[in-house]
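Asker: Got a sequence here, can you model it:
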Amino acid sequence: MGYFLSIPCLLAALVAAGFLYQWLGAHYDRWRYSAGGRWIDIGGGQRIYLLEKGSGEATVLFESGIAATNLNWFHIQETVSRFAATASYDRGGLGWSSPSRTARTPSNLAAELHELMREAGLKPPFILVGHSFGGLVIRRFALLYPEEVASIVLVDPLRCEEWLPLDQAKQAKLDRGIRLAGFAIPIARLGLARLAVTSLLCRSGRIADRLAGAAGEGGLHVLERIKGEVGKMPREVWPSVAAQWSRPSYYAGMRNHVAAVPDTLLEMQDAEPIRGIPVLLLTPGKSSPLSDECLEKIGDTVEQVIAPASAHWIHLDEPELVIQSIREMVTAATLVTAAPSEEAVTVG
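Answerer: Numbering: from 1, shown residues only. Take a look at the predicted model:
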């Protein structure tokens, strides 16, 4: 009888230990890995994590992919900050930012980004750089606040035309992502996500392999995605990635972002073209180039450049190409800022 009573006690002790392990680890992570940035209150109790580096007339603002954070731009921002002011951030619900209070659609995110810049004291003009889903966010920002945008660099932006119409197979893919993220939330609360990602990114990886195998096909799929994507990032940032991916709030934020994809597609499929703002669009060599019709839907001054050695993550596959593209935009913005206005020109 005592043996059977000990099993629930043992399980309760393991759960309590897992919660404690996660709680202590989360507090240590926040202290250790977020010290370089600051939190900006954008109202409604929402605080956004902002990381600034460098100085200059124009500010380069980085917008990440759908479930990525400022860490995805680590190398790019570090390099660009040597010749320009830069800022990257974690969208609400991701990274070190507080949970989101609105649907993760481009219009909501662009409004939050604008409030973030205002409250942080960042001054336009801005050079906006966005990857994948982030490309839709900065397109919407440019449509809402065109007077604040000097130029745009789109790094393989999400293509609405590839998702619409949203048929059963595509919706099933989104539903699978939502389920996996939801499944990960209690796993993270118990400290098991911390155990897995820390094993994978900071240690031998054996524990991660075993936990993924125990989770079945979904767990193995997630593990392979992590290995493929994070493996392209600098190793020095891996512990910070592990810290963020250990947080239950990260998976809740991911779920909210994926759940908003249908509304995002509907919002952006008929979006107005960006007018009068230079747009440089980087397309992977492993994808088909955008047609002239698609480019015209994005803006009236869009230049497409092919990244021959890249897949979707161009800024990780060919970072120098992205850096050079940003440098060109910074140079152009600086020349415009430095040029005398017509009113200032006098005839001798």
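Asker: drop to CA atoms for contacts and neighbour counts, all remaining ones
Answerer: Will do.
Asker: show me the contacts for the nearest residue to Ala260 once chain neighbours are set aside.
Answerer: Nearest residue to Ala260 in three dimensions, chain neighbours excluded: Arg104, at 5.6 Å (Cα to Cα, 6 or more residues apart in numbering). Listed by Cα atoms under 8 Å, 6 or more residues apart in numbering, the contact set of Arg104 reads 256-257, 260, 264.
Asker: Longest helix in this protein, by number of residues?
Answerer: helix 2-33 (DSSP state H).
Asker: Which strands or helices does the helix or strand just after that helix pack on?
Answerer: Under the assignment DSSP states H and E, the closest C-terminal helix or strand after helix 2-33 is strand 38-41. Under the contact criterion of 3 or more Cα pairs under 8 Å, 6 or more residues apart in numbering; DSSP states H and E, strand 38-41 touches strand 47-53, helix 106-120.
Asker: Would you list the strands that strand 38-41 pairs with, along with their directions?
Answerer: Its sheet considered, strand 38-41 pairs with strand 47-53 (antiparallel) by DSSP bridges.
Asker: quick one: low-confidence ranges for the stretch 101-250 of the chain?
Answerer: Filtered on pLDDT under 70, the stretch 101-250 of the chain yields the residue ranges 203-229.
Asker: ok, which stretches of it are helices?
Answerer: Under the criterion DSSP state H, counting those that start in this stretch, the stretch 101-250 of the chain carries helices at the ranges 106-120, 133-144, 160-163, 168-189, 192-202, 206-215, 217-230, 238-245, 248-259.
Asker: So for Ala332, which of the ones you listed sits nearest?
Answerer: Counting by Cα to Cα, Ala332 lies closest to helix 133-144 out of those; the figure is 17.5 Å.
Asker: in the closest one, what's buried?
Answerer: When neighbours are counted by 16 or more other Cα atoms under 10 Å, the buried residues of helix 133-144 are found to be 133-143.
Asker: and that helix, what does it pack onto?
Answerer: For helix 133-144, where contacts count as 3+ Cα pairs under 8 Å, 6+ apart, the packed elements are strand 59-63, helix 106-120, strand 126-131, strand 149-155.
Asker: Swap in 6 Å and give it another go.
Answerer: If contacts are counted by 3 or more Cα pairs under 6 Å, 6 or more residues apart in numbering; DSSP states H and E, helix 133-144 sits against helix 106-120.
Asker: Let me know the angle separating the helix it packs on from strand 126-131.
Answerer: 140 degrees (axes from the mean of the first three to the mean of the last three Cα atoms, to 10 degrees).
Asker: And helix 106-120, what does it pack against?
Answerer: Against helix 106-120 (3+ Cα pairs under 6 Å, 6+ apart) you get helix 133-144.
Asker: relative to strand 126-131, how tilted is the helix it packs on?
Answerer: Comparing the axes of helix 133-144 and strand 126-131 via the same axes, to 10 degrees yields an angle of 150 degrees.
Asker: Run a quick neighbour tally on Pro186.
Answerer: By other Cα atoms under 10 Å, 14 other residues sit near Pro186.
Asker: Could you measure from the spatially closest residue to it that is not a sequence neighbour over to Arg194?
Answerer: Sequence neighbours aside, Pro248 is the residue nearest to Pro186 in space, at 7.1 Å (criterion: Cα to Cα, 6+ apart). Using Cα to Cα, to the nearest Å, one obtains 10 Å as the distance from Pro248 to Arg194.
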